[in-house]
Every structure is written in C-alpha cells, then in structure tokens.
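> give the three-dimensional model of this entry:
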Amino acid sequence: MYELKTKRTDDSVIEFIESVENPKKREDAYRLLDIFTDTTGYGAKMWGPSIIGFGSYHYVYKTGHEGDAPLVGFSPRKAKISLYFTTGDAERERLLERFGKHTSGKACVYINKVEDIDVDVMKELIGQSVIFLEELYPNEKQ
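Modelled structure (predicted):
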C-alpha cells in the first residue's frame, strides 16, 4: 500500500525557518509565514521535513487513494521558493497571469524572492485555493 511521504508533524516551523542558510530566503520565509497566516486564518504546521502548510483537508480519490494535505503552503528550498496552491482550479491560471515573475510545475509555483511577485495577487491565490478545496472536500477539514 502507498505510504504518504508528506505528513503533518509537530516539528517547529520557526526552527525550520531559522535553519534556512540563505539570509534573504530566511527573511522571505518569515514574510510568507505572516502573509499565509493572515490570509488563511490558520496556524502554520510543518508537513514533512520542509513544507510549511496552513489548514488541512482529507481527500479520497476515485482510485481509493486517500490522505491529508495542507490547503496551501510554501517551502524555502535552496534553488527557489515553492508555493503550494490548489491545482484543477481555472481561477489559479487567471491569477497567475498577474502574479509576477514565477515558473509553474504541476503542483507548485516557484519564485526566486517575494519582491518578484505581486503580494496582493498571492493573497488572492491563497484565498482562492482555500475556498476551492473547502468546497471540493466539504466537512473534510482537520
């Protein structure tokens, strides 16, 4: 049976941010922590060793695969900062057009630094992701 690698932990978010070697990336991580906390209303939790997540939901796919995931989150990785917003929402693509300098993967949006993006658009992306997932998985929040 498939074992989820990214689970919520009791590790300290602050200790994780303090362990980020690059001072600018650490500063951006604290800024993102404030933005995500204020925008979602959820406290930050560590998911796995390197993702800072906000809120959570329980999903069950048609295949029977299920698990828990943060509604939104970020990770100050060495190369870039990964931002986790929902996928499958057409609103995401519309908002990313106004987001600023970024690249996108299937599930992540990557930025070099916070000053490269429009923070107000990021707040919209965060809010839209939370709304989309809470509607898609009602009563599945944890």
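> all strands of the protein, in order?
Assigned by DSSP state E, the strands in the chain fall at 44-47, 51-54, 57-60, 66-69, 72-76, 81-84, 103-104, 108-111.
> average pLDDT across the shortest one?
Read it as strand 103-104. Strand 103-104 comes out with an average pLDDT of 94.
> ok, it: who's next to it in the sheet?
According to DSSP bridges, strand 103-104 forms sheet pairs with strand 108-111 (antiparallel).
> pLDDT below threshold where in this structure?
1-5, 139-142 (pLDDT under 70).
> quick one: the helices in it?
13-18, 23-40, 90-96, 119-136 (DSSP state H).
> and these: which comes nearest Gly73?
Closest approach to Gly73 among these is made by helix 23-40 (7.3 Å; C-beta to C-beta). Glycine gets a C-beta too; all of them are placed from N, C-alpha and C.
> returning to what we had before: so which of the helices of the chain is nearest Tyr59?
helix 119-136 (8.3 Å).
> how far off centre is the closest one?
Per C-alpha atoms, centre = their mean, to the nearest Å, the displacement of helix 119-136 from the mean C-alpha position of its chain is 10 Å.
> ok, stretch 113-130 next?
Distance of stretch 113-130 from its chain centroid, counting by C-alpha atoms, centre = their mean, is 11 Å.
> do the same with stretch 111-126
Taking C-alpha atoms, centre = their mean, the mean C-alpha location of stretch 111-126 is offset from the chain mean by 12 Å.
> next, the buried residues of that stretch.
Residues of stretch 111-126 classed as buried by neighbour count (16 or more other C-beta atoms under 10 Å): 111-112, 114, 117, 122, 124-126.
> want to try a markdown table for the strands of the chain, with distance to Asp11 as columns?
Compiled in a markdown table, the strands of the chain are given as follows (distance: least, C-beta to C-beta, whole Å):
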| stretch | distance to Asp11 |
| --- | --- |
| strand 44-47 | 4 |
| strand 51-54 | 10 |
| strand 57-60 | 20 |
| strand 66-69 | 16 |
| strand 72-76 | 13 |
| strand 81-84 | 17 |
| strand 103-104 | 28 |
| strand 108-111 | 21 |
